[in-house]
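What would the 3D arrangement of this be:
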Amino acid sequence: MSTSCASHVLRIARQFGRLNLTGSSVAGQMAYKVAPVHPAHCKYSTSSCHREKASTLLNSKLNHKEFSTAAEPHETEQKDEEFPSDIAVINQVDTELQNLNRGRLFAVVFLFGTQRKVTTEDTLVMNSNITANVGDRIRLQKVMMVGGNNFTLIGRPILSLNMVRVEATVIEKTLDVVKPVFKFKRRKQYRNLKLSRDHLCFLRINSIEILSLDQNNQTDTDSITAV
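As a prediction, the model looks like this:
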């Protein structure tokens, strides 16, 4: 046994008080005989001791743990749902359009890169300058969706001009508040200050109408500016 191993075992034995020393001088060396120490009392336990403890702990946990049982599968009655055909849906929408009490319509329009949901008498504020003058009545061409209480017409991507008609009036054209734009580059002696004002256009939605589901129907759009 080397000197380092002997000193290590001696230190362990002194800690637990289980030391039995028998010294004999053989060739100027001291031999030590240490009584066996139980792994449970040993500070530096071996791998077998760890495995024994782990298996004991696992068995104790498995004995006390209650596993839940799997839920029993239950049979559900699958009913065959009959969906209405396209012709039936179109006939139902036609009947709804002929009814005068179909409620208030809404529309989703595409204006200057943005989508807006509007209804009658709504006011839109657009950050753009259109060519129409104040007081002109315009027609919004890119209508993506129109609907009411019981139906909705969805375009792919927009609805035909022969099916829907959304009209608005330009009520005001003005400029936004002044916004300073300052540019600076350090160590370049560059400083630039500019004042910017965006254009604002106010639109009032006058009417939202559904003309017909027949796309072959032609309408007159000469008297109204199209946007």
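
How about Lys179: what's its closest non-neighbour residue?
Nearest in space to Lys179, with sequence neighbours left out and distances taken as Cβ to Cβ, 6 or more residues apart in numbering, is Ser196 at 4.9 Å. Every residue, glycine included, has its C-beta placed from N, CA and C.

Run a quick neighbour tally on that neighbour.
When neighbours are counted by other Cβ atoms under 10 Å, Ser196 registers 11.

mind listing what it touches?
178-181 (Cβ atoms under 8 Å, 6 or more residues apart in numbering).

Next: Arg104.
Counting by Cβ under 8 Å, 6+ apart, Arg104 has contacts 119-120, 148.

Drop anything exposed from the residues you listed.
120, 148 (16 or more other Cβ atoms under 10 Å).

residues making contact with stretch 115-122?
Stretch 115-122 is contacted from outside by 104-109, 124, 144, 166, 204-208, using Cβ under 8 Å, 6+ apart.

who's Met145 bridged to?
Counting by DSSP bridges, Met145 is bridged to Val108, Ile154.

shouldn't it be in contact with Ala107?
Yes. If you go by Cβ atoms under 8 Å, Met145 and Ala107 touch, sitting 6.6 Å apart.

So the two - more neighbours on which side?
For Met145 versus Ala107, neighbours defined as other Cβ under 10 Å are more numerous around Ala107 (25 against 18).

how close does the more buried one sit to Arg187?
As defined by Cβ to Cβ, to the nearest Å, Ala107 lies at a distance of 55 Å from Arg187.

Then Val177?
Taking Cβ to Cβ, one finds Val177 at 33 Å from Arg187.

quick one, helices of this structure?
Counting by DSSP state H, the segments of the chain that form helices are 3-16, 47-64, 86-98.

residues contacting Pro180?
Pro180 sits in contact with 193-196, where contact means Cβ under 8 Å, 6+ apart.

Select from these the one having the most neighbours.
Neighbour tally across those (other Cβ under 10 Å): the maximum, 11 neighbours, falls on Ser196.

Report the two of the contacts of stretch 115-122 separated the most.
The distance between the two most remote of the contacts of stretch 115-122 (Cβ to Cβ) is 20.1 Å, for Met144 and Arg204.

of the two, who's got more company?
For Met144 versus Arg204, the count of surrounding residues by other Cβ under 10 Å is larger for Met144: 19 against 16.
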